[in-house]
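Peer 1: Take a look and give me a structure for this.
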Amino acid sequence: MKIARILAGSVLAASVSTVALAQDETLETPEERLSYTIGMDIGSSLSEQDMELNLDLLVEALRASYNGEETRLTKEEALAEREAFMQRRQQQMQAQRQEEASANKEAGEAFLAENAERDGVMVTDSGLQYRVIEEGEGASPAAEDRVTVHYKGTLIDGTQFDSSYDRGEPATFALNQVIPGWTEGLQLMSEGAKYEFFIPSELAYGEQGRPGPIGPNSTLIFEVELLEVAGSESQE
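Peer 2: As a prediction, this is how the structure comes out:
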C-alpha cells in the first residue's frame, strides 16, 4: 500500500491553482501548466492504488484544505479513517495472499502427482523430483561446496522467472546457501551433467514466496547444468 505516496501527492497539491479551466482551453501560464502537471501526478498515483474513490469529494476536500476552509472531517476523524482504511486493506491483502497460497499449493501438488508418473522422473524421500537430461563424468558436490551452474527457472505454468542463460554468464554460489531443493538436487549431479528439477514449495520458498512471479507455495521447475565443483570456503 502506497499511502505515503498519496500523502506526498496531497502535500504537493497545496501549490495547485484554484483557477478552473475548460478542457479545451490552452494551458498558457507556468502556474496553469504546473497545476495540471501536479494533478496528473496525483491522479496517476491514486489510480495505482486499487481504491474506489469519489472524485467529487476528493476535489472538494482538496480545495477546502488548500484554501484553509472548514472541512467535513476534523483532522482527528481523518486520521482515524486513514488508519481504518489501512487496516481494511491489510486484511484484504492477507486474505488474497492466503487464497493465492492455497491455490498454488493445490496446483503444485496436482502437478507433482502427475509428473511423478512420467517416464524418467525420479522422486527422492524429501519429495524432490528430478529427470536426467544428460549425465556428467566429473566430481559431485558436497553440501558445503561451491558450484558454478547454468540454469533456467520456471513456474509450472511455464512462466520463466530467472535464467543465467539470458544473463550471459553462469552463477557461482555455495550449495548450502540456496533453497533446499537445490542443495539436495545438485549433490545428485556430476560435473558436466544437466538435470531437470521439480521442486515442491516446501523445498523452495514456501509460504513466503519471492517478490515477482514466485507466489506463496509455488512449485518450481529448474533446468540445471553443473559446470564446476569447487571446495568449500572453509577448505580454501
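Peer 1: how far does stretch 30-43 sit from the chain's center?
Peer 2: 32 Å (C-alpha atoms, centre = their mean, to the nearest Å).
Peer 1: try stretch 146-157
Peer 2: Worked out by C-alpha atoms, centre = their mean, stretch 146-157 lies 18 Å from the chain centre.
Peer 1: cool, stretch 133-150 as well?
Peer 2: Using C-alpha atoms, centre = their mean, the offset of stretch 133-150 from its chain centre is 29 Å.
Peer 1: Now do it: everything it contacts.
Peer 2: 164-165, 170-176, 183, 186-196, 223-234 (C-beta atoms under 8 Å, 6 or more residues apart in numbering). C-beta here means a position set from N, CA and C on the backbone, and glycine is covered the same way.
Peer 1: again, only using 6 Å
Peer 2: Under the criterion C-beta atoms under 6 Å, 6 or more residues apart in numbering, residues 164-165, 170-172, 174-176, 183, 186-187, 190-194, 196, 224-230, 232 lie in contact with stretch 133-150.
Peer 1: Ok, stretch 110-125 next?
Peer 2: Outside stretch 110-125, the residues touching it (C-beta under 6 Å, 6+ apart) are 129-131, 156, 198, 219.
Peer 1: Same check on stretch 197-217?
Peer 2: 100-101, 104-105, 108, 115, 127-130, 159, 161, 179-181, 185, 218-222.
Peer 1: List buried residues within these.
Peer 2: 101, 104-105, 108, 115, 127-130, 179-181, 185, 218-222 (16 or more other C-beta atoms under 10 Å).
Peer 1: those strands in this structure, which residues are they?
Peer 2: Under the criterion DSSP state E, strands of the chain are mapped to 121-123, 129-134, 146-155, 160-163, 171-174, 194-199, 220-230.
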